[in-house]
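*Asks:* just to be clear, the model below is a prediction. Sequence and coordinates:
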Amino acid sequence: MSLAITKQKFSVRTNYFLTRALHASSSVFNKPSSGIDFSKSIEDFKKNGIAILPVKIDDEFVLKSRKLCMSAWVDALARGKIVKGHEVKLGQEHGFKEIVLRAPGRYDMQWKIDGEKHFLDEEKVLSTFMPFVHEVLGGQQMTKLNFNGCLMSLPGAKEQLWHIDGEHLFSSEENFKCNGKDDVEFFQKTSREPDAILPAHCLNIFVPLVDVESNNGGTEFCLGSHFHTKFFSDDIVWQDSRWKERIDFKGDVLAIKVNAGEVLAFDYRVLHRALEHGGKEVRPLLYYTFTKRWFSDAMNFADLPSLTEADGKLPIQMGEDWRQHFPSILKDERQVFCDGAAGSQVPEVVISRMRDHLMEVGCSNVGGDYQTSQKVLNVVTKARAAGRDLLGAQHFGEIAFGLNCSNLMFHLARSMESNLFSPGDNILLSRACHDANIAPWLHLAKNAKMEVRWLETSVSGKHSDKIDIDRISGLIDGKTRVISLGLASNATGRIHLDVVKRINEISETYSTKPFLILDATHFVPHRRCHLEELQADAILCSAYKFFGPHIGIMAYNKKRLEILKPSKVGLRFAEDGLVERDVLDPGDVPTIENCEISRWEMGTLNYEGLAGFEACVDYIASLAGEIQPSSDRSLSIDLAYIEIQKHEELLSNRFLNRIQPLLDQNVLNLFGSRESQDRTPTFAISLSDVAKSKIGSHDPYYLVKKLNERNIFCTHGNHYAVELVENSLKQVEGVTRISFLHYNTVEEVDRVVDELENILKL
């Protein structure tokens, strides 16, 4: 839908600020760009200097781009501080070739974006808008991509001043004269508004990675102002609150709403400014600057120092600083905790918060008007808010607590037994899961007479922990009612996000979408987890795996789960066994008004555990460190996981590289991915038959015993992943599991491998 069409829907007045929502149909967005009619967009662009294109970028590309941009931004700020000794300061003269702070809270960044393959994907990105670009700039042979980057607007960023991105060619020069006949009217400045300008020689393509509107740092444009800026000198590119008056612009000002993945184009010469960011989330926006083939923008990043000057100066690892928060680690530095997948160590803030709770309120309960009871109620409310921020639920009322993930999974499965399904319906489970995400659903299938189907792992040796994604389409049909899957293997570290994506693609083709239940217990310590982004109905996990106390958490979609009947106090049953009424009905979701009572929680909660859980989430958020841009905890968690993943991939790569000689010599077996980006730093290993013969022992526990004796804390067994370890990997005697977390260091990885080499006498 073009701007020209949209403006007919408004009573347009001079200087009237318009906010426009894009209403083009999904059928238009889904057409190949080669079949899109850009004529109206071209008309808008020439007349107004701005156009919304009738195309939309793939959601997967948008999500991945958002994560890459956040990671690049964190890295750029860290590098900038190393090079200059302080944070990146305001103004181009204080910036770098790859990042400039254009205004308070507004970064223009090309670091790890300009020229990068992902952002220049021909099929997913460029092909959607290049026909428009070619038409504006005179054809493919006349078009050049000058650079591409990302505009990062932080919560609280103030309104920009008016400016343009580049001046007019020739007509902006003082006393410009043509060779030959020098009284050419086109170049003669008059008091009236110019009626002709040169065609665009430079344009920007904007692709927001989150929905952008006026209240979260959107952009305002003076429609048609590229005509007014024709005769102004090059200083109009510098921000000034008076430019609108100085060019005598009296036309329409438009603040546009552009959703994530939609495409906006504007002429370099149009007057515009970014609005104040009153939202709570960072607003990343991709841009692509295209020019005529003979033109280059040599001004916006100018002759500045480069972030590459920080090469070799960045901290090798963050683990050394992070481990200072853990008393159990500091107690004896000879101990190496490689048992994170079994249970993490706990930071001081969690211990203190739990101790303080018991010291201040003891075992007081909710429901009273007195001080200690009200404090307990506040603890529950804050714990639910922490769960929302950590797991991405829409509302903190969509968080429930239990004993652990296994307990909650059985509770959830049991809630589906009330005549919800019919005999012959099916349930889809994964061989790659912890049994906490298998056994509850087998009970449901037995009681509801449902068929059980399995997501099988591939048969090739080293990839036998990888779910066969090509077979998924044949497992889901119109009678599939529940799909349950672990996001990452607690035994081998394999991450299964590609499987979740494929499941969602197939499930959406059916009128009745099956429940998607995800076990995130091994995922949350290592990667950002978001209920809505994963399109899950429930995500369950245990806090003791990610630096918290022994409690379980469930984030869920209230609307999707409202038909379920969890076991609870107050239920009364009719003669047919169905629930007749609930005499203690707390309502749909827990609130302060109902004393935070949830229909998903059975009895009094572990309040000191909830205090510790909130502290645990605060601790994770704190790992964003000095680059934390706001008090928004969810945003800080986003940034923290970027740092965690970066450090843990370093650990994984170090371990994989160090043990490669042992694998090559066939004295050690490794099960799972060899790529750090596809796994967590959890490794399943075993002695080869060659090694067993060499050391003269066939005891399956030989390796773990020797490691434990050397203060390398790890475990051996099937790790409750029976289907995976004993059936898929064929390791009926179990595997030794080495599992690192963010508080581990490269030196500790080296020590583990050194001890493996010593044990194997190599």
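*Replies:* Structure's in. What do you need? Numbering: from 1, shown residues only.
*Asks:* wouldn't residue 449 be in contact with residue 423 here?
*Replies:* Yes: when contacts are counted by CB atoms under 8 Å, residue 449 is listed as touching residue 423 (3.9 Å). Every residue, glycine included, has its C-beta placed from N, CA and C.
*Asks:* so between those two, which is more surrounded?
*Replies:* The residue with more neighbours, out of residue 449 and residue 423, is residue 449; 11 against 8, by other CB atoms under 10 Å.
*Asks:* could you report the pLDDT at that one?
*Replies:* Residue 449 carries a pLDDT value of 95.
*Asks:* how close does it sit to residue 510?
*Replies:* To residue 510, residue 449 is 21 Å away according to CB to CB, to the nearest Å.
*Asks:* do residue 374 as well
*Replies:* 47 Å.
*Asks:* these two: which has the busier surroundings?
*Replies:* The neighbour comparison of residue 374 against residue 510 (other CB under 10 Å) goes to residue 374, with 16 against 13.
*Asks:* and the more buried one, what does it touch?
*Replies:* Shown in contact with residue 374 (CB atoms under 8 Å, 6 or more residues apart in numbering): residue 368.
*Asks:* element containing residue 554, please.
*Replies:* Take DSSP states H and E as the rule and residue 554 turns out to sit in strand 552-556.
*Asks:* how far does that strand sit from its chain's centre?
*Replies:* Here strand 552-556 is found 19 Å from its chain centre; the criterion is CA atoms, centre = their mean, to the nearest Å.
*Asks:* what's the next secondary structure element after it?
*Replies:* Using DSSP H and E, the first helix or strand after strand 552-556 is helix 558-561.
*Asks:* let me see the mean pLDDT of that following helix.
*Replies:* Rounded mean pLDDT across helix 558-561 is 95.
*Asks:* what does that helix contact?
*Replies:* Against helix 558-561 from outside (CB under 8 Å, 6+ apart): 394, 395, 397, 398, 515, 537, 538, 588, 589.
*Asks:* so how do I select the buried members of the residues you listed in ChimeraX?
*Replies:* The ChimeraX command for the buried members of those (criterion: 16 or more other CB atoms under 10 Å) is given here:
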select :397,398,515,537,538,589
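*Asks:* show me which of the contacts of helix 558-561 is closest to residue 744.
*Replies:* Taking CB to CB as the measure, residue 744 lies nearest residue 538 of these, at 30.5 Å.
*Asks:* that closest one bridge partners, please.
*Replies:* residue 517, residue 556 (DSSP bridges).
*Asks:* same thing with the one 4 residues further on?
*Replies:* Here residue 542 sits in beta bridges with residue 552, going by DSSP bridges.
*Asks:* low-confidence stretches in this protein?
*Replies:* 1-34, 182-184, 190-192, 233-241, 298-302, 313-319, 460-463, 625-631, 762 (pLDDT under 70).
*Asks:* regarding it, what is its longest helix?
*Replies:* Longest helix in the chain by number of residues (criterion: DSSP state H): helix 633-664.
*Asks:* tell me the helix or strand right after that one.
*Replies:* Next along from helix 633-664, by DSSP H and E: strand 668-671.
*Asks:* by contact count, what packs against that following strand?
*Replies:* Packing partners of strand 668-671 (3 or more CB pairs under 8 Å, 6 or more residues apart in numbering; DSSP states H and E): helix 633-664, strand 682-687.
*Asks:* out of those, flag the one nearest residue 747.
*Replies:* helix 633-664 (9.7 Å).
*Asks:* in that closest one, what counts as buried?
*Replies:* Result for helix 633-664 [16+ other CB under 10 Å]: buried residues 633-645, 647-656, 658-659, 662-663.
*Asks:* and the angle for it with strand 682-687?
*Replies:* 20 degrees (axes from the mean of the first three to the mean of the last three CA atoms, to 10 degrees).
*Asks:* the stretch 151-300 of the chain: helices as residue ranges?
*Replies:* 225-228, 243-246 (DSSP state H, counting those that start in this stretch).
*Asks:* now distance to residue 719 and mean neighbour count too, for these, in TSV please.
*Replies:* Listed next are these as TSV, based on distance: least, CB to CB, whole Å; neighbours: other CB atoms under 10 Å:
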stretch	distance to residue 719	mean neighbour count
helix 225-228	64	24
helix 243-246	64	17
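*Asks:* nearest to residue 480, out of those?
*Replies:* helix 225-228 (54.9 Å).
*Asks:* ok, residues contacting the closest one?
*Replies:* Contacts for helix 225-228 (CB under 8 Å, 6+ apart): 49, 164, 193-195, 197, 222, 247-249, 251, 267, 269-271.
*Asks:* what does stretch 592-606 give?
*Replies:* Identification of contacts with stretch 592-606 by CB under 8 Å, 6+ apart yields 365-367, 377, 380-381, 384, 397, 400-402, 411, 549, 551, 554, 556, 566-569, 582, 585-590.
*Asks:* where do the strands sit along the stretch 451-600 of the chain?
*Replies:* 451-455, 480-486, 515-519, 538-542, 552-556, 571-573, 579-582 (DSSP state E, counting those that start in this stretch).
*Asks:* tell me how far the spatially most central residue of the chain lies from residue 643.
*Replies:* Residue closest to the mean C-alpha point of the chain, counted by CA atoms, centre = their mean, is residue 67 at 5.2 Å. According to CB to CB, residue 67 and residue 643 sit 13 Å apart.
*Asks:* and for residue 390?
*Replies:* 16 Å.
*Asks:* which residues does the nearest residue to residue 707 once chain neighbours are set aside contact?
*Replies:* Using CB to CB, 6 or more residues apart in numbering and skipping the chain neighbours, the partner closest in space to residue 707 is residue 714 (5.7 Å). By CB under 8 Å, 6+ apart, the contact set of residue 714 is 338, 339, 704, 707, 708, 736, 737, 738, 739.
*Asks:* please tell me how far the closest residue in space to residue 672 that isn't next to it in sequence sits from residue 572.
*Replies:* If the residues on either side of it in the chain are set aside, residue 672 comes closest to residue 492, at 3.5 Å by CB to CB, 6+ apart. The gap separating residue 492 from residue 572 is 47 Å, by CB to CB.
*Asks:* neighbour count winner among these two?
*Replies:* For residue 492 and residue 572, the more surrounded residue by other CB under 10 Å is residue 492, and the numbers stand at 30 against 10.
*Asks:* list the contacts of that one.
*Replies:* 465, 671, 672, 673, 679, 682, 683, 684, 724, 729.
*Asks:* so the fourth one touches residue 464, yeah?
*Replies:* Read that as residue 673. No: using CB under 8 Å, residue 673 is not in contact with residue 464; the gap is 11.1 Å.
*Asks:* how many neighbours does residue 508 have?
*Replies:* If we define neighbours as other CB under 10 Å, then residue 508 has 9 of them.
*Asks:* and it, how far from residue 322?
*Replies:* Residue 508 is 40 Å from residue 322, by CB to CB.
*Asks:* check the offset of stretch 534-552 from the chain's centre.
*Replies:* 17 Å.
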